[in-house]
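Visitor: Sequence and predicted structure are below.
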Protein chains: 4
Amino acid sequence: MQHEIEIRVRYQETDGQGRVHHANYLTWFELARVELLRAMGHSYRELEEAGIFLVVAEVSMQYYLPAVFDDVLRLRTTTVRAKGARIEHRYEVIRGEDLLAEGATTVACIDKSGRVTRLPQWLRIT
Amino acid sequence: MQHEIEIRVRYQETDGQGRVHHANYLTWFELARVELLRAMGHSYRELEEAGIFLVVAEVSMQYYLPAVFDDVLRLRTTTVRAKGARIEHRYEVIRGEDLLAEGATTVACIDKSGRVTRLPQWLRIT
Amino acid sequence: MQHEIEIRVRYQETDGQGRVHHANYLTWFELARVELLRAMGHSYRELEEAGIFLVVAEVSMQYYLPAVFDDVLRLRTTTVRAKGARIEHRYEVIRGEDLLAEGATTVACIDKSGRVTRLPQWLRIT
Amino acid sequence: MQHEIEIRVRYQETDGQGRVHHANYLTWFELARVELLRAMGHSYRELEEAGIFLVVAEVSMQYYLPAVFDDVLRLRTTTVRAKGARIEHRYEVIRGEDLLAEGATTVACIDKSGRVTRLPQWLRIT
């Protein structure tokens, strides 16, 4: 499963170095997961309303080139694995021909009480 | 009721202009309300655990001088009025002798269902 | 001059009350000003590259109804006045038929050294 | 070199799950690097004024337990290596006896033009 979204850098996402503050990439990855789910016909809001929560358990990122205000970026997300209680995604942040950053996250599935729980069948990749 | 806290500007709070992004003042005002409550012997966390929520209904702000990374600011908060379902605060953001910004907020008291509700007795000023 | 943009609420923009944190509206207003400028054929990035900066000098906001994660909002921006060194905008945040919030900002035009300067001719409304 | 700071969780740092949004840990790590530098007798602001910038090149994080609003956390930072143009730090986020999260970052030293440059002598660990 692969999906791509477009991100336009907000002024508020820049910092005093005139670049995008590195923490914002995590917010964009989250955005990408929500849109990937939507592209599969699902809504993360409905997932939570059904008592299923996805929480970030692991993150890794490499930053190669800075993004600046008003840049239009492509964020390509790939689901690498989705079984048991965990989903792994990979991300590439691209501007034109340039790969600005790469990342990976693992999200875990929990219930309302915070207990780790198996992914719903339709979220699994087998 | 007046209370003062110290804020040291975080790098993440600056934007591409090399100044503090103006939205962060609202986050600082919120911080100040929580600490003012604590200075009165109360915890906003316990308030919410008891089913009482304070939500921001109105904001006004004037910005006079920019704050920059690592500045140590004093944020002085005054409770102007607290009756019925509403509390009004005023804020001054000060660096050394300079008044950088001023603001005012009105927070409304709601219950878990989102219904406006009277302030608990101990929060009222009469 | 009036312009409308669509905002989809990001998860990161919500807070522990399950609603959009009130400071995010300021970030959205900023987004709206950038897009209004673009709709007029201008780029705020180029403006800054030309040494002209717009900084927020005044804000007022009223919040009527909460927005939640994944809401699709319309943000309608009106330029009320643009003369001398200042531009005034008004904002309405709308979901379906409901007006969730209203706001107004005044931005001031400064040069690289931080000195207040007259708006470029093309930005003025007379 | 090891240093510890205290963080009190801000309301704005929570998200709709009632927990701290995972991106904020990166902001806290940045705070910790600034304070570690200060504990060594240096100011990151002066570093930038002298034309030396530290930018995040790599991040990894593991989240074990959630933090919530008003939690008082200890953030322990260790400089693992500082040579050439790079500094590696490790981080532990602790509440009472519990390790909530761990992370590691690599920051790279660049000059005003964005070119990678050697760390100043006093920042190196040999």
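Guide: Nice, thanks for sending it over.

Visitor: Tell me if the strand or helix carrying A:Ala82 is near chain C.
Guide: Per DSSP states H and E, A:Ala82 falls inside strand A:72-83. No - against chain C, strand A:72-83 shows no contacts by Cβ under 8 Å from any Cβ of the partner chain, the least distance being 11.4 Å. Every C-beta, even on glycine, is put in place using the N, C-alpha and C of the backbone.

Visitor: does chain D sit close to that strand?
Guide: No - on the criterion Cβ under 8 Å from any Cβ, strand A:72-83 is out of touch with chain D, staying 14.9 Å away.

Visitor: Can you identify the element that follows that strand toward the C-terminus?
Guide: Next element after strand A:72-83 (DSSP H and E): strand A:86-95.

Visitor: Can you spell out which helices and strands pack onto that following strand?
Guide: If you count contacts as 3 or more Cβ pairs under 8 Å, 6 or more residues apart in numbering or on different chains; DSSP states H and E, strand A:86-95 packs onto helix A:24-39, strand A:72-83, strand A:98-110.

Visitor: and A:Lys83, what pLDDT?
Guide: In this prediction, A:Lys83 carries a pLDDT score of 94.

Visitor: Nearest residue to the middle of chain A?
Guide: Closest to where the C-alpha atoms of chain A average out (Cα atoms, centre = their mean) is A:Phe29, at 2.5 Å.

Visitor: Give me the distance between the residue lying closest to that residue once chain neighbours are set aside and D:Val34.
Guide: Closest residue to A:Phe29 apart from its sequence neighbours, by Cβ to Cβ, 6 or more residues apart in numbering or on different chains: A:Tyr91 at 5.3 Å. According to Cβ to Cβ, to the nearest Å, A:Tyr91 and D:Val34 sit 27 Å apart.

Visitor: do the same with A:Val9
Guide: Counting by Cβ to Cβ, the gap from A:Val9 to D:Val34 is 24 Å.

Visitor: Next up, phi/psi of A:Tyr44, please.
Guide: phi -70, psi -30 (degrees, to the nearest 10).

Visitor: check contacts around it.
Guide: A:33-34, A:37-38, A:54, C:11, C:69-70 (Cβ atoms under 8 Å, 6 or more residues apart in numbering or on different chains).

Visitor: so how many other residues sit close to the nearest residue to A:Tyr63 once chain neighbours are set aside?
Guide: Spatial nearest neighbour of A:Tyr63, chain neighbours left out: A:Ala101 (4.8 Å); criterion: Cβ to Cβ, 6+ apart. By the criterion of other Cβ atoms under 10 Å in any protein chain shown, A:Ala101 has 25 neighbours.

Visitor: Identify whichever of the helices and strands packed on strand A:86-95 lies nearest to A:Met1.
Guide: Closest to A:Met1 of the helices and strands packed on strand A:86-95, according to Cβ to Cβ: strand A:72-83, at 4.1 Å.

Visitor: Wondering if stretch A:8-18 reaches chain C at all.
Guide: Yes - using Cβ under 8 Å from any Cβ, stretch A:8-18 reaches chain C at A:10-12.

Visitor: Work out the gap between that stretch and the centre of the chain.
Guide: Distance of stretch A:8-18 from the chain centroid (Cα atoms, centre = their mean, to the nearest Å) equals 19 Å.

Visitor: What residues of that stretch count as buried?
Guide: A:9-17 (16 or more other Cβ atoms under 10 Å in any protein chain shown).

Visitor: Could you pull out the buried residues of the helix or strand bottoming out on mean pLDDT in chain A?
Guide: Ranked by mean pLDDT, DSSP states H and E, the weakest helix or strand in chain A is helix A:44-49, scoring a mean of 94. Buried residues in helix A:44-49, defined by neighbour count with 16+ other Cβ under 10 Å: A:44-45, A:47-48.

Visitor: Which secondary structure state does the residue in chain A sticking out farthest from the centre sit in?
Guide: The C-alpha centroid of chain A is most remote from A:Gly16, which lies 25.1 Å away (Cα atoms, centre = their mean). Three-state assignment for A:Gly16 (DSSP: H, G, I helix; E, B strand; the rest coil): coil.

Visitor: what's across from the residue nearest to it when sequence neighbours are not counted in the sheet?
Guide: Nearest residue to A:Gly16, sequence neighbours excluded (Cβ to Cβ, 6+ apart): B:Thr14, at 3.7 Å. B:Thr14 has the following beta-bridge partners by DSSP bridges: B:Val20.

Visitor: same deal with A:Leu54?
Guide: Here A:Leu54, judged by DSSP bridges, has bridge partners A:Cys109.

Visitor: Contacts only, for it.
Guide: A:33, A:44, A:47, A:87, A:107-110.

Visitor: wait, A:Leu26 sits on D:Thr27?
Guide: No - in this structure, A:Leu26 is not within contact of D:Thr27 by Cβ atoms under 8 Å, at 10.3 Å.

Visitor: Near A:Ile5, how many other residues are there?
Guide: A:Ile5 has 17 nearby residues by other Cβ under 10 Å.

Visitor: State the distance from it to chain C.
Guide: Separation of A:Ile5 from chain C (Cβ to the nearest Cβ, to the nearest Å) stands at 11 Å.

Visitor: What residues sit buried inside the helix or strand where that residue lies?
Guide: Assessed by DSSP H and E, A:Ile5 sits inside strand A:2-8. Of the residues in strand A:2-8, A:3, A:5, A:7 count as buried by neighbour count, 16+ other Cβ under 10 Å.

Visitor: List the contacts of the closest residue to A:Arg118 other than its chain neighbours.
Guide: Spatially, and ignoring its direct neighbours in sequence, A:Arg118 is nearest to A:Ala85 (5.6 Å; Cβ to Cβ, 6+ apart). By Cβ under 8 Å, 6+ apart, the residues touching A:Ala85 are A:108-110, A:116-119.

Visitor: In ChimeraX, select just the buried ones from the residues you listed.
Guide: Remark: buried members of those, expressed as a ChimeraX selection using 16+ other Cβ under 10 Å:
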select /A:108,109,110,117,119
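
Visitor: dump the residue contacts of A:Gly51.
Guide: Counting by Cβ under 8 Å, 6+ apart, the residues that A:Gly51 touches are A:111-112.

Visitor: Quick check: it is in a helix.
Guide: No - going by three-state DSSP, the assignment for A:Gly51 is coil, not a helix.

Visitor: how much space between it and chain C?
Guide: 14 Å.

Visitor: Chain D versus that residue, what's the distance?
Guide: For A:Gly51 relative to chain D (Cβ to the nearest Cβ), the value is 12 Å.
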